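Visitor: sequence first, then the predicted structure:
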Protein chains: 2
Amino acid sequence: MKKLVTLVLAVAAATLTMPASAQFAKPEDAIKYRKAALTVMAAHFGRIGAMTSGKAPFDAKAAAENAEIVAAMSKLPWAAFGEGTDKGETKAKPEIWKEQAKFKEGHEKLVGETMKLAAVAKTGNLDNLKLAFSSTAGTCKSCHDAFRDK
Amino acid sequence: MKKLVTLVLAVAAATLTMPASAQFAKPEDAIKYRKAALTVMAAHFGRIGAMTSGKAPFDAKAAAENAEIVAAMSKLPWAAFGEGTDKGETKAKPEIWKEQAKFKEGHEKLVGETMKLAAVAKTGNLDNLKLAFSSTAGTCKSCHDAFRDK
């Protein structure tokens, strides 16, 4: 748990000290970056889902390692949704910029959920991992429904 | 340093316990994932480069945070270069699969360089950071020259 907290706090600090506007030379760089961070997060989240759904054998160590990466990645994409990054190769809905408080609430909730997921994964209890995975997946979905085009 | 070592070891362990063949349903998923991981790494590495080249003001805290993310990300892409992932939307050269030992040596060197980069970044010494950045960038370049199409 200490390791996870350290990691998540480090990444949290990183995202807090660098304003989005200073991070990307062009809007398309921000879009590419946020999609990349979400792709990495989804890949590792999916490996946990394969285990919780029984499609892959449960490997507690692998689940914990994947969850730690998910928790770290969950902090990264949001700074790349700055002003002017609403056009181009993106499914981001205008609601992201119209409802900033709700969007922020959503990604902060995700960070919390992924921290819980990682903590639960470390215990090696598959039943609890199923619950935490499902809860985290629900958080993903609610933001996708609100803020991402089909 | 402890935090960095913990983080890098955690990610290293993750890549070691999950064979590449079991990680991706389709070759294109592996290709998308490795490009995404490299994109995230490059974004954070580039922020350090902006500071070491004087294009951005030196912010020791931000440099250290970026370097930590670079070090963590540097472990991820390589498991996604499994057999059958040489075709499609990729600039990967056939040499990756023909010269596996050299490829492995290259990414292991990168991991070492990024760990040094992160350790140096934590000291807050810009001159040393410039050297470490340059050395790491050289490692990127030598692998790109050998293993990535223009």
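Guide: Right, received. Where do you want to start? Numbering: from 1, shown residues only, chains lettered A, B, ... in the order given.

Visitor: which residues touch residue A:70?
Guide: For residue A:70, the contact set (CB atoms under 8 Å, 6 or more residues apart in numbering or on different chains) comprises A:41, A:44, A:45, A:48, A:114, A:117, A:118, A:136. Backbone N, C-alpha and C define where each C-beta goes, glycine included.

Visitor: thought residue A:115 was touching residue A:71?
Guide: Yes - applying CB atoms under 8 Å as the test, residue A:115 and residue A:71 come out as touching, 5.4 Å apart.

Visitor: between those two, which has more neighbouring residues?
Guide: residue A:71 (28 against 24; other CB atoms under 10 Å in any protein chain shown).

Visitor: report the secondary structure state of that one.
Guide: helix (DSSP: H, G, I helix; E, B strand; the rest coil).

Visitor: which parts of chain A are helices?
Guide: A:2-17, A:20-23, A:27-52, A:60-73, A:95-98, A:100-123, A:126-147 (DSSP state H).

Visitor: mind putting those in a markdown table, mean pLDDT included?
Guide: As requested, the helices of chain A are exported to a markdown table (pLDDT from 0 to 100):
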| stretch | mean pLDDT |
| --- | --- |
| helix A:2-17 | 54 |
| helix A:20-23 | 56 |
| helix A:27-52 | 97 |
| helix A:60-73 | 95 |
| helix A:95-98 | 97 |
| helix A:100-123 | 97 |
| helix A:126-147 | 97 |
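
Visitor: between those, which one is closest to residue B:110.
Guide: Nearest of the helices of chain A to residue B:110, taken as CB to CB: helix A:27-52 at 16.9 Å.

Visitor: that closest one vs helix A:60-73, what angle?
Guide: 160 degrees (axes from the mean of the first three to the mean of the last three CA atoms, to 10 degrees).

Visitor: on contacts alone, who are the packing partners of helix A:27-52?
Guide: helix A:60-73, helix A:126-147, helix B:27-52 (3 or more CB pairs under 8 Å, 6 or more residues apart in numbering or on different chains; DSSP states H and E).

Visitor: who touches the second one?
Guide: Residues from elsewhere that reach helix A:126-147 (CB under 8 Å, 6+ apart): A:45, A:48-49, A:51-52, A:58, A:60, A:63, A:70, A:92-93, A:95-96, A:99, A:102-103, A:106-107, A:109-110, A:113-114, A:116-117, A:120-121.
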